[in-house]
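Q: Kindly return the folded structure for what I paste below:
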Amino acid sequence: IDMYVEGMFDLNELLIMYVVQPADKKEQHFANMMDKTENRYFPAFEKVLKDHGKDFLVGNQLSRADVQLLEIILMAEEFKPDILAKFPLLQKFKVRTSNIPTIKKFLQPGSQRKHPVREEDVSKVMKIFY
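A: Residues are numbered from 1 along each chain as shown. Now for the predicted structure:
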């Protein structure tokens with residue numbers, strides 16, 4: 001599980017850091033982020049699901065890795081809605097995982113899944129890191 005979570009942590013960081021990129025770096029960051037998502041990370045997770053033929057990353061039982069992967073898929077789709085087009089097993093994984101009753105409830109509109117990004121917070125982060 002740790003190997004999966006580490007890979008997802010790297011991708012998650014790329015997705016999250018997009019919002020705080022300086023204007024002159026956003027386009028380059030976006031291209032790099034999409035390239036790694038579509039050509040490195042998502043193919044690896046697609047292969048894991050294909051190779052073992054199970055419903056989840058670690059067998060047939062939901063794990064932390066599955067929840068993290070679902071979150072990353074949802075984030076990536078916000079940037080590019082058709083990002084799963086080449087990944088049929090990840091598409092099925094997303095549907096299957098999203099329909100687990102507790103997760104489905106959490107993903108309903110109005111849930112606390114995602115806090116809105118406030119411009120003043122972005123400014124603070126930019127001053128600290130850039």
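Q: use CA for all of it now, contacts and neighbours both
A: Fine.
Q: Does residue 84 touch residue 94 like I think?
A: No - the pair residue 84 / residue 94 is not scored as a contact, 9.5 Å apart, by Cα atoms under 8 Å.
Q: Can you give me the neighbour number for residue 39?
A: Using other Cα atoms under 10 Å, residue 39 has 11 neighbouring residues.
Q: cool, residue 53 as well?
A: 13.
Q: For this structure, just list every one of the helices.
A: 2-17, 23-36, 42-52, 64-79, 88-98, 101-106, 119-129 (DSSP state H).
Q: Reformat those helices as TSV; add distance to residue 58.
A: Output for the helices of the chain, formatted as TSV (distance: least, Cα to Cα, whole Å):
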stretch	distance to residue 58
helix 2-17	9
helix 23-36	23
helix 42-52	9
helix 64-79	8
helix 88-98	12
helix 101-106	18
helix 119-129	36
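Q: Determine the number of other residues adjacent to residue 33.
A: The number of residues packed near residue 33 is 21, by other Cα under 10 Å.
Q: Brilliant, that's me finished.
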